[in-house]
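J.: Generate coordinates for the sequence data below:
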Amino acid sequence: DAQNAKKVAAKAIEDEADRLENMRKADHVREIIKDQLPDQDAVEEALSEDWFSMNKKRVLDALVEDPEEQGRVKDVLKQHYVQLDELFKTFAASGSS
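T.: Just a heads-up that it's a prediction; the model follows:
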C-alpha cells in the first residue's frame, strides 16, 4: 500500500540521516583523540618487546613448542594487544589490594 511505502521510505531516509550524523560525530571524536589512539607500528614494536620478554626464560617455548602455533598465538595477542595492555595497566594501577 502507498501509505506504508511512504512510511518505509521516510524511515529509511531518517535512518540514513542518523547514520551519517553518527559517522560525522565519530570522525570528530577521532580527530580530537587521534594523538591518544594506538599507532599500529608502536603496537607491533611493544608486542615484539613483550614477546621477547615473555620468552627470555623459554616460557613460551615450554608452553607452545611448535613455531607455527607460536605465530598463531602471537597473531591473536596482536589483535587484542591494546585491550590487554590497558587491562594490565588498570590492574597494575589498582595495586595488590
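J.: gap between residue 31 and residue 52?
T.: Distance, residue 31 to residue 52, by CB to CB, to the nearest Å: 35 Å. The C-beta positions use only the backbone N, C-alpha and C, and glycine is treated the same way.
J.: err, residue 83, not the other one
T.: When residue 83 is compared with residue 52 (using CB to CB), they lie 21 Å apart.
J.: residue ranges with poor pLDDT in this structure?
T.: Applying pLDDT under 70 to the chain picks out residues 96-97.
J.: Identify the single longest helix in it, thanks.
T.: As assigned by DSSP state H, the longest helix anywhere in the chain is helix 2-33.
J.: gap between that helix and the chain center?
T.: Helix 2-33 sits 25 Å away from the centroid of its parent chain (CA atoms, centre = their mean, to the nearest Å).
J.: again, but for stretch 18-38
T.: Distance, centroid of stretch 18-38 to centroid of chain: 15 Å (CA atoms, centre = their mean).
J.: Check stretch 36-56 too.
T.: Mean-position distance between stretch 36-56 and its chain equals 14 Å (CA atoms, centre = their mean).
J.: which parts of that stretch are buried?
T.: Neighbour counts using 16 or more other CB atoms under 10 Å place residue 47 of stretch 36-56 among the buried residues.
J.: And for stretch 62-80?
T.: 64, 70, 74.
J.: what does stretch 86-94 give?
T.: Residues of stretch 86-94 classed as buried: none (neighbour count, 16+ other CB under 10 Å).
J.: from now on call the first residue 38
T.: All set: I'll call the first residue 38, so the last point we hit is now stretch 123-131.
J.: Convert it to PDB, retaining C-alpha atoms only.
T.: Coordinates of the C-alpha atoms in stretch 123-131 are reproduced here as PDB (Å, rounded to 0.1, in the frame of the first residue of the first chain):
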ATOM      1  CA  GLU A 123      45.000  -1.400  29.000                       C
ATOM      2  CA  LEU A 124      43.700  -4.100  31.200                       C
ATOM      3  CA  PHE A 125      47.200  -4.800  32.600                       C
ATOM      4  CA  LYS A 126      47.700  -1.100  33.300                       C
ATOM      5  CA  THR A 127      44.400  -0.900  35.100                       C
ATOM      6  CA  PHE A 128      45.200  -3.900  37.300                       C
ATOM      7  CA  ALA A 129      48.700  -2.700  37.900                       C
ATOM      8  CA  ALA A 130      47.500   0.700  39.000                       C
ATOM      9  CA  SER A 131      45.000  -0.800  41.400                       C
END
